[in-house]
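Asks: sequence and predicted structure, then a few things I'm wondering about:
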Amino acid sequence: MLQILPRSKTPSGAAYLERGAGDEALVLIHGVGMRIEAWGPQIERLAEGYRVIAVDLPGHGLSNALDGAPDLHRYVAWFQRFLEEVDAGPVNVAGHSMGALIANGIVATAPGRVRRVALLNGVYRRGPDARKAVEARAREIGSGDFDRVAPLARWFSEEEAGTDAYILVRDLLQAVDPSGYAAAYAAFAGGDTVYADCWPGVECPALFLTGDGDLNSTAGMTRDMAAAARRGRAVVIEGHRHMVNLTAPDAVNRALADWLATS
């Protein structure tokens with residue numbers, strides 16, 4: 001049974017969890033269809049030395065939905081407002097998948113708010129075939145007639161089916177609000193180039209991490225972003241796919257701890 005972590009809410013309706021304490025804040029942003037609970041291993045480990053703040057995306061978990069057309073710019077503006085409301089900044093920002101696009105957006109548009117940035121399983125300049133596939137999936141989800149758990153086959157190997165990580169992600173996908181899911185996925189589908197040109201101008205330490213088996217947020221994308229960034233570092237974890245923060249939590253936590261120690 002899905003265990004729901006307690007949350008607070010900002011005046012504008014963003015639901016978030018806060019753990020730990022420290023001189024610096026680490027803000028975690030999950031991907032489409034997920035919620036705060038998808039960061040469980042990172043919250044537990046990194047709250048030992050940091051003020052960890054995990055937030056539900058709009059229309060996910062207990063966060064209010066956004067008004068208007070789905071657009072990545074709107075999610076980035078929402079995130080900037082969230083940082084203002086929780087009085088967190090400059091912060092360390094780590095985003096997974098759609099959360100990585102938002103992290104990319106905040107360091108591009110408000111670099112003074114960011115100490116360090118980490119993109120986990122982020123997408124970057126999709127090829128034509130990948131673009132067609134993600135746009136087709138966005139249309140399917142937008143129609144309201146879609147298979148909620150279809151991503152599991154891409155995100156996990158056959159050997160991982162039935163693991164605790166698999167069951168958690170399955171349960172989160174089954175629980176997500178369809179309209180919030182559709183809006184975020186539409187922004188995700190068109191978001192891989194919106195802030196892609198920013199990296200040569202980003203001066204803070206930037207971590208790019210993925211699993212070598214992630215066919216959508218590929219190792220090549222991760223390495224290309226790291227090469228484009230002034231202070232970029234690529235980490236590719238072998239034997240894992242899209243939900244690497246859950247399937248290889250120790251390796252991901254070590255990479256995040258190293259990134260947080262970078263001055």
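Replies: Received the coordinates, thanks.

Asks: can I get the CA coordinates of the stretch of helix or strand E84 belongs to in PDB?
Replies: Following DSSP states H and E, one finds E84 within helix 72-85. Extracted in PDB, the C-alpha atoms of helix 72-85 (Å, rounded to 0.1, in the frame of the first residue of the first chain):
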ATOM      1  CA  LEU A  72       7.500  24.400 -19.700                       C
ATOM      2  CA  HIS A  73       8.000  28.200 -19.100                       C
ATOM      3  CA  ARG A  74       4.900  28.100 -16.800                       C
ATOM      4  CA  TYR A  75       6.400  25.200 -14.800                       C
ATOM      5  CA  VAL A  76       9.600  27.100 -14.400                       C
ATOM      6  CA  ALA A  77       7.800  30.200 -13.300                       C
ATOM      7  CA  TRP A  78       5.800  28.100 -10.800                       C
ATOM      8  CA  PHE A  79       9.000  26.700  -9.400                       C
ATOM      9  CA  GLN A  80      10.600  30.100  -9.000                       C
ATOM     10  CA  ARG A  81       7.500  31.200  -7.100                       C
ATOM     11  CA  PHE A  82       7.700  28.100  -4.900                       C
ATOM     12  CA  LEU A  83      11.300  28.900  -4.000                       C
ATOM     13  CA  GLU A  84      10.200  32.400  -3.000                       C
ATOM     14  CA  GLU A  85       7.300  31.100  -0.900                       C
END
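
Asks: contacts for it next, please.
Replies: If you take CB atoms under 8 Å, 6 or more residues apart in numbering as the criterion, helix 72-85 is touched by 10-12, 14, 16, 27, 29, 55, 57-58, 66, 68, 89, 91, 98, 101-102, 105-106, 109-110, 113, 184, 187-188, 190-191, 194-195. All C-beta atoms are positioned from the backbone trio N, CA, C, and that covers glycine.

Asks: helices and strands around the biggest helix by length in the chain, which ones?
Replies: With DSSP state H applied, the helix covering the greatest number of residues in the chain is identified as helix 128-143. Identification of packing neighbours for helix 128-143 by 3 or more CB pairs under 8 Å, 6 or more residues apart in numbering; DSSP states H and E yields helix 178-189.

Asks: identify the residues contacting the helix it packs on?
Replies: Residues outside helix 178-189 that contact it (CB under 8 Å, 6+ apart): 31-33, 57-60, 65-66, 70-72, 74-75, 97-98, 101, 123, 134-135, 137-138, 141-142, 144.

Asks: buried residues in it?
Replies: Applying a neighbour-count criterion of 16 or more other CB atoms under 10 Å, one finds G180, Y181, A182, A183, A184, Y185, A186, A187, F188, A189 buried in helix 178-189.

Asks: leaving out sequence neighbours, find the closest residue to the first one.
Replies: If the residues on either side of it in the chain are set aside, G180 comes closest to G59, at 2.0 Å by CB to CB, 6 or more residues apart in numbering.

Asks: what's the separation between E203 and R116?
Replies: Separation of E203 from R116 (CB to CB, to the nearest Å) stands at 11 Å.

Asks: how close does the nearest residue to P41 once chain neighbours are set aside sit to L152?
Replies: The shortest distance from P41 to any residue that is not its chain neighbour, by CB to CB, 6+ apart, is 3.5 Å, and that residue is P249. For P249, the distance to L152 under the criterion CB to CB works out to 18 Å.

Asks: one step back: hang on, the residue nearest to G180 packs against R35?
Replies: No: the criterion here is CB atoms under 8 Å, and G59 misses it with R35 at 10.4 Å.

Asks: the more surrounded of the two?
Replies: Between G59 and R35, counted using other CB atoms under 10 Å, the more crowded position is R35 (25 against 20).

Asks: mind listing what the closest residue to the more buried one other than its chain neighbours touches?
Replies: When the adjacent residues along the chain are set aside, R35 lies closest to G61, with 3.6 Å between them (CB to CB, 6+ apart). Shown in contact with G61 (CB under 8 Å, 6+ apart): R7, A15, R35, I36.
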